[in-house]
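Peer 1: here is my input; please provide its structure:
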Amino acid sequence: MFTGLVQAVGSVQRRGQRLLVAGCGPFLPLQLGDSVAVDGVCLTVAECVGDGFLADVSEETLHRTTLGSKALKRGAVNLEPALRLEDRLGGHLVSGHVDGAGEVVAVQALPQSWRLELQWRDPSYGRYVCEKGSIAVDGVSLTVAGCSEAGRRFWVAVIPHTWASTALKHLSVGAVVNLEADLIARYAERLLAQTGSGGDMEQNPNDAAITNAWLTDHGWS
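Peer 2: Got it, this is the predicted structure:
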């Protein structure tokens, strides 16, 4: 589990069938089996190499994320070590399991921030996006400043510190990014679908069904 608060900007390249991730100096040492978010993708340390590590990647990961294409050109990546139980949760809960790709629609420099507009390649994920909700863009925890009615297109405000200390500053119109929707939104959708569809999910007869009315009664309005 991660927070979406990037601790270093490194690089990724191919090393045989593995990926070589460099630039982990700020949070070394690493140990075999550690988890590191690389542009929002949770990778496992298979071998420590210099200030980075080698990681095995599945076909699913290469298909769903930008790591494969970035590795071909030694692209810059955002790096974050796994969250420890005693750490502060400064961003939001990020699993490191990327949902899909997004595309940069516009980048605008404002007096006190950068306005980054993106859209999901798969419009079905727009249902997880709402104004003031959270989203991870290449592993960076960001707040949705606004979105289209269906949520497919949305925009975020990136403060100068985040812009300067992450790989977001390298983005331009047309660039492809890894997107992970809010974890809590996906669990809430799953629970509502199961309890409201008469499915065969096992349920304690004393448990109250989670419905829209139940959520409103308990302050989730």
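
Peer 1: now do the contacts for Leu179.
Peer 2: Gly40, Val98, Asp99, Gly100, Ala101, Gly102, Leu118, Trp120, Tyr125, Ile135, Ala136, Val137 (CB atoms under 8 Å, 6 or more residues apart in numbering). C-beta coordinates here come from the backbone N, C-alpha and C atoms, glycine included.

Peer 1: just Thr143 next, same as before
Peer 2: Contacts of Thr143 by CB under 8 Å, 6+ apart are Lys132, Gly133, Ser134, Ile135, Val156, Ala157.

Peer 1: give me the buried positions along the lowest-mean-pLDDT helix or strand in the chain.
Peer 2: None of the helices or strands of the chain scores lower by mean pLDDT, DSSP states H and E than helix 212-217, at a mean of 75. Within helix 212-217, no residue qualifies as buried by neighbour count (16 or more other CB atoms under 10 Å).

Peer 1: centre of the chain to that helix, how far?
Peer 2: 29 Å (CA atoms, centre = their mean, to the nearest Å).

Peer 1: who's in contact with stretch 23-33?
Peer 2: Counting by CB under 8 Å, 6+ apart, 7-11, 36, 44-48, 51-53, 77, 79, 81 sit against stretch 23-33.

Peer 1: 7 Å - rerun?
Peer 2: 7-11, 36, 44-45, 48, 51-53, 79, 81 (CB atoms under 7 Å, 6 or more residues apart in numbering).

Peer 1: which residues in the chain form helices?
Peer 2: Here the chain has its helices, by DSSP state H, at 59-64, 67-72, 160-165, 183-196, 212-217.

Peer 1: Leu19 contacts Ala71, doesn't it?
Peer 2: Yes: contact status for Leu19 versus Ala71: in contact at 5.5 Å, counting by CB atoms under 7 Å.

Peer 1: tell me the residues that contact both of these two, please.
Peer 2: Val12.

Peer 1: of these two, who's got more company?
Peer 2: Leu19 (26 against 21; other CB atoms under 10 Å).

Peer 1: which residues touch the more buried one?
Peer 2: Val12, Ala55, Val57, Leu67, Ala71.

Peer 1: same deal with Ala101?
Peer 2: Taking CB under 7 Å, 6+ apart as the definition, contacts of Ala101 comprise Thr66, Arg121, Val176, Val177, Asn178, Leu179.

Peer 1: perfect, I'm done here.
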